[in-house]
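S.K.: take this sequence and fold it.
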Amino acid sequence: MKSKLVLAGAAALLAAPLVAQQAMDHSKMNHSQMNHSQMSGMMQPTAANPFPPAEMKMHERMMSAMGADAGETWTRKMIEHHRGAVEMSQLVLRNTQNAEVRREAQKTIASQNREIATLQAMLRKMGKSAQ
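M.R.: Numbering: from 1, shown residues only. Next up is the predicted model:
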């Protein structure tokens, strides 16, 4: 009897990660019917976290960026991703006096704008309009 209990316990322990992984699979969820009102507090900007509106804007723009093929779609999504980094960096420049953070934010703005220009050029080489 003890061996059956030990085997059953071992089987349950081995299956636990699989069950947990399946339980956390959000890919099959219908997000359009979710109640997002409970998340509103997390989405409000504060002095310590002024970023939620910029993050949501970036997320929405990335989700809607589409092209005729995977390459164009990726390029358009990455443009929005880099634009989001620029906007977040501009926000931190307005909201902190920390010299090191400000320096990194300014470097981020410059590098992300270069990336955006490169991606826009790629779209034009594909015969597509820039965004």
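S.K.: which secondary structure elements does the helix or strand where Arg114 lies sit against?
M.R.: Element membership of Arg114, judged by DSSP states H and E, is helix 99-125. Counting contacts by 3 or more C-beta pairs under 8 Å, 6 or more residues apart in numbering; DSSP states H and E, helix 99-125 packs against helix 70-95. (Each C-beta comes from the backbone N, C-alpha and C, glycine too.)
S.K.: list the buried residues of the helix it packs on.
M.R.: Of the residues in helix 70-95, 72, 75-89, 91-92 count as buried by neighbour count, 16 or more other C-beta atoms under 10 Å.
S.K.: cool, stretch 105-123 as well?
M.R.: Ala105, Thr108, Ile109, Gln112, Glu115, Ile116, Leu119, Gln120, Met122, Leu123.
S.K.: and the angle for the helix holding Arg114 with helix 70-95?
M.R.: Orientation check (axes from the mean of the first three to the mean of the last three C-alpha atoms, to 10 degrees): helix 99-125 against helix 70-95 gives 150 degrees.
S.K.: so for helix 99-125, what's the average pLDDT?
M.R.: On average, the pLDDT along helix 99-125 is 98.
S.K.: ok, so of the buried residues of stretch 105-123, who is nearest Gln97?
M.R.: Gln97 has its nearest neighbour among these in Ala105, at 11.9 Å by C-beta to C-beta.
S.K.: how close does the closest one get to Met66?
M.R.: Using C-beta to C-beta, to the nearest Å, one gets 30 Å for the distance from Ala105 to Met66.
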